[in-house]
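Peer 1: Got a predicted model here, sequence first, then my questions.
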Number of protein chains: 2
Amino acid sequence: MHKRLFIPGPVEVSKDVLEAMATPMIGHRSPEFSELYNRVIPKVKKILYTDQHVFLASSSATGMMEGSIRNLVKGRVLVACNGAFSDRWHEIAVNCGKEADQLKVDWGRAITADMVDEALSTGKYDAFTFTHNETSTGVMSPLEEVAEVLKKYPDVSFLIDAVSCMAGVKIEVDRLGIDCVLAGTQKAWGMPPGLTVFTVSEKAMEKAKTVEGKGSYFNFELFLKYHEKGQTPNTPAISLIFALDHQCDKMLAEGLDRRFARHLEMAARCRAWAKERGFKLFAEENYESVTLTCVENTRGIDVNALNDFLATKGVVISNGYGKRLKGKTFRIAHMGDCTLGELEEVLGYIDEFLNK
Amino acid sequence: MHKRLFIPGPVEVSKDVLEAMATPMIGHRSPEFSELYNRVIPKVKKILYTDQHVFLASSSATGMMEGSIRNLVKGRVLVACNGAFSDRWHEIAVNCGKEADQLKVDWGRAITADMVDEALSTGKYDAFTFTHNETSTGVMSPLEEVAEVLKKYPDVSFLIDAVSCMAGVKIEVDRLGIDCVLAGTQKAWGMPPGLTVFTVSEKAMEKAKTVEGKGSYFNFELFLKYHEKGQTPNTPAISLIFALDHQCDKMLAEGLDRRFARHLEMAARCRAWAKERGFKLFAEENYESVTLTCVENTRGIDVNALNDFLATKGVVISNGYGKRLKGKTFRIAHMGDCTLGELEEVLGYIDEFLNK
């Protein structure tokens, strides 16, 4: 039996999206492909509030995390670290041979504007990576405030991992002065994995042209060169681009404000439910994620047994992340095509388990 | 109207493969995924005649061309160049900051064992890249003979681009002593693009552990680490792995020898047809590709007009590659799930055009 996914990615994919993905194949150097590409990119731009560059990489988001480092770190990068995925960005920078420092806070805490300002004021950095939504801890760090700080440092490239929140929360790329923000499609985009959506500001593109050792596959200049022909540099995951085109239409038909409000409403409901049941939230207050709720297992329930029970209902949630948080937390994702009704259904099943 | 693809990738994808791809989503850290992964890898090993490492990268093959360079070139790499895609490997090596020399012959010619032996005998290289099937020219260079030569140079890593022939021709990875061979799934595998199948020999894996600057996304060590858990390092293109599992079953049911014979038969038919119609083949004699036929346009037909006509029949072939060969050649692909009957149908339509 298929278990509907309430884990923080991959998320449950609607049948119509799966069907769009199964569209018969076309050539990636054909007019048909350029039509598709030139149709979908403007929709993504609308969803990300940007007039600058939007590209599609055929990789998981981790690939383009590496890409953004290779293209935009010339000297030394500051990596904001408050969980497993922000730590990963540091590991990637080191693996790419870049000089990288960590701005580190405890798991569960947010990265705030003051911290960023203090670290950047040293003048040591030409790039800063920020994990907007830490999937491992359910913390959403304050993008708006941090973006304000970054405006004081125009020579510092502003790189954002929005993997588990892009298309679920409003990210106004141009107004916030973001140089590069990226996300895989298997989270709040509500699609299967294998494609990464990312933006590059004009300023970042100019900088990338001056950086050595970018490689080929994630090379921004090559993305730009082929973009101008309505193509991607290499054969892309065409099926996923069909799905993205379809999904953008659905998102724009729902209305972006309504979409973001739906995510906020689900998050509020999930947090309230957890507190009513006597749990705490793992995230620092006021910085709880909008797309997933990381519940601190203050009641000491058996999370594996919970998921075994949920499996009999045809759904699955996520245990805590890694050795560090497994059993101590559990995570309920509410993003993408998920509705408040579906969330209520899952919470009802968890209640059944708690009342047994 | 959908045009059935007889271009050298992406190829036409059968309805059942598209449907397999649309399987409902599962988590990539779930037991369900490990089951899928541990089911599909042994099938791929059978198809590639290897007991060593087989991995799946969520990228186009170009990504893993870069990966193989990053993992297996320590000193200086020799790049066999006889067309656009082998040239690309040189460009990638340079973009990755590696020392790279070209072993260059004219487009349309094969890279032969003697040439490779002479170049490697200089002792300058610790890696050699070989494009088994040059998609731009329709030349299939002699893998068996070149592999014999490489056995004389055990310290030279043997990297193979089999992008447009893997799973269409027999490649006995272990017997031939191949260190790394890769292919995207949108060619002779008969699947949509977005996934790359690649092998790594034990020897190459040991070497990779000693190479600096591998990055993260294409890092062989990370593939191995997660493979041992029945997983991939990052969220993979799960839908394409569902399709691969299905496609492997079909291939093994057809029988590998029968599958390879079908490709040989289609190639023989296509070459004979071209010669009977007064065309030449662009590839040097005895080195014509088995998966696509590059026809030299010795009759001076209007290839664009031909494709316009074919479009009315619901099929499409490929013009020559790039500025260099456009109009001067055209390419008919016969790989993947393509049958002799379907090839005959296309050749019949081209005859209709020629007789007009």
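Peer 2: Now that the structure is in, tell me what you want to look at.

Peer 1: contacts, neighbours, all on C-alpha from now
Peer 2: Will do.

Peer 1: which strands and helices sit next to the helix or strand containing A:Met64?
Peer 2: Using DSSP states H and E, A:Met64 maps to helix A:61-72. Applying 3 or more Cα pairs under 8 Å, 6 or more residues apart in numbering or on different chains; DSSP states H and E, we find helix A:61-72 packed against helix A:84-95, strand A:157-161, strand A:180-184, strand A:196-200, helix A:202-208.

Peer 1: Which one of these lies nearest to chain B?
Peer 2: Closest of these to chain B is helix A:84-95, at 4.5 Å (criterion: Cα to the nearest Cα).

Peer 1: Sheet partners, orientation included, of the next helix or strand after the closest one?
Peer 2: As assigned by DSSP H and E, the chain's next helix or strand after helix A:84-95 is strand A:99-104. Strand A:99-104 has its sheet partners listed here by DSSP bridges as strand A:76-81 (parallel).

Peer 1: Alongside chain B, which residues does the stretch 51-200 of chain A contribute?
Peer 2: Where the stretch 51-200 of chain A comes near chain B, counting by Cα under 8 Å from any Cα of the partner chain, the residues are A:58-60, A:62-63, A:66, A:92, A:95-97, A:192-195.

Peer 1: May I see the PyMOL selection of the buried members of those residues?
Peer 2: Per 16 or more other Cα atoms under 10 Å in any protein chain shown, the buried members of those correspond to this PyMOL selection:
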select buried, chain A and resi 58+59+60+62+63+66+92+95+96+192+193+194+195
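
Peer 1: Out of the residues of the stretch 51-200 of chain A next to chain B, which two sit at the greatest distance?
Peer 2: A:Gly97 and A:Pro192 (31.4 Å; Cα to Cα).

Peer 1: Work out the gap between the longest helix along chain A and the centre of the chain.
Peer 2: Criterion DSSP state H: the longest helix present in chain A is helix A:256-276. Centroid separation for helix A:256-276 versus its chain: 18 Å, with Cα atoms, centre = their mean, to the nearest Å.

Peer 1: Show me what it is packed up against.
Peer 2: Short answer (3+ Cα pairs under 8 Å, 6+ apart): helix A:256-276 packs on strand A:280-281, strand A:292-296, helix A:340-355.

Peer 1: looking at the ones you listed, which is buried most?
Peer 2: Of the helices and strands packed on helix A:256-276, the one with the most neighbours on average (mean count of other Cα atoms under 10 Å in any protein chain shown) is strand A:292-296, at a mean of 27.

Peer 1: how about A:Ser136, what does it touch?
Peer 2: Shown in contact with A:Ser136 (Cα atoms under 8 Å, 6 or more residues apart in numbering or on different chains): A:Gly83, A:Ala84, A:Phe85, A:Gly320, A:Tyr321.

Peer 1: In chain A, what helix or strand scores lowest on average pLDDT?
Peer 2: Lowest on mean pLDDT, DSSP states H and E among the helices and strands of chain A sits helix A:322-325, with a mean of 94.

Peer 1: Enumerate the positions of that helix that are buried.
Peer 2: Residues of helix A:322-325 classed as buried: A:Leu325 (neighbour count, 16+ other Cα under 10 Å).

Peer 1: A:Lys124: what secondary structure?
Peer 2: coil (DSSP: H, G, I helix; E, B strand; the rest coil).

Peer 1: My understanding was that it contacts A:Arg76; is that so?
Peer 2: Yes: using Cα atoms under 8 Å, A:Lys124 makes contact with A:Arg76 at a distance of 6.8 Å.

Peer 1: what about these two, which has more around it?
Peer 2: A:Arg76 (17 against 14; other Cα atoms under 10 Å in any protein chain shown).

Peer 1: For the more buried one, which residues are in contact?
Peer 2: Per Cα under 8 Å, 6+ apart, neighbours of A:Arg76: A:Lys98, A:Glu99, A:Ala100, A:Asp101, A:Lys124, A:Tyr125, A:Asp126, A:Ala127.

Peer 1: okay, now the domains of chain A?
Peer 2: Using automatic domain parsing, the domain ranges for chain A come out as A:4-10+A:255-355, A:16-253.

Peer 1: Buried deepest among the ones you listed, which one?
Peer 2: domain A:16-253 comes out most buried of these by mean count of other Cα under 10 Å, with a mean of 21.

Peer 1: got the end-to-end distance for that one?
Peer 2: Terminal residues of domain A:16-253 are spaced 15 Å apart (Cα to Cα, to the nearest Å).

Peer 1: what ranges do the strands span in the stretch 101-250 of chain A?
Peer 2: A:127-131, A:133-134, A:139-140, A:157-161, A:180-184, A:196-200 (DSSP state E, counting those that start in this stretch).

Peer 1: want to throw those strands into JSON lines with mean pLDDT and distance to A:Asn234?
Peer 2: Output for the strands of the stretch 101-250 of chain A, formatted as JSON lines (pLDDT from 0 to 100; distance: least, Cα to Cα, whole Å):
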{"stretch": "strand A:127-131", "mean pLDDT": "98", "distance to A:Asn234": "27"}
{"stretch": "strand A:133-134", "mean pLDDT": "98", "distance to A:Asn234": "30"}
{"stretch": "strand A:139-140", "mean pLDDT": "98", "distance to A:Asn234": "34"}
{"stretch": "strand A:157-161", "mean pLDDT": "98", "distance to A:Asn234": "23"}
{"stretch": "strand A:180-184", "mean pLDDT": "98", "distance to A:Asn234": "18"}
{"stretch": "strand A:196-200", "mean pLDDT": "98", "distance to A:Asn234": "14"}
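
Peer 1: Looking at those strands, which is nearest to A:Pro236?
Peer 2: From the strands of the stretch 101-250 of chain A, taking Cα to Cα, the stretch that ends up closest is strand A:196-200, at 10.7 Å.

Peer 1: Parallel or antiparallel, which strands does that closest one pair with?
Peer 2: strand A:53-57 (antiparallel), strand A:180-184 (antiparallel).

Peer 1: Can you tell me what sits against the last one?
Peer 2: Think strand A:180-184. A:60-61, A:64-65, A:68, A:158-166, A:173, A:193-201, A:204.

Peer 1: OK, contacts around A:Pro8?
Peer 2: By Cα under 8 Å, 6+ apart, the contact set of A:Pro8 is A:Thr135, A:Ser164, A:Lys187, A:Leu292, A:Ser318, A:Arg331, A:Ile332, A:Ala333, A:His334.

Peer 1: please redo it, this time with the cut-off set to 10 Å
Peer 2: A:135-136, A:138, A:164-165, A:186-188, A:291-294, A:317-318, A:331-335, B:27 (Cα atoms under 10 Å, 6 or more residues apart in numbering or on different chains).

Peer 1: What ranges in chain A fall below the confidence cut-off?
Peer 2: Nowhere does chain A drop to pLDDT under 70.

Peer 1: Can you tell me the centre-most residue of it?
Peer 2: A:Val163 (1.3 Å; Cα atoms, centre = their mean).

Peer 1: Would you confirm that it contacts A:Glu134?
Peer 2: Yes: if you go by Cα atoms under 10 Å, A:Val163 and A:Glu134 touch, sitting 8.8 Å apart.
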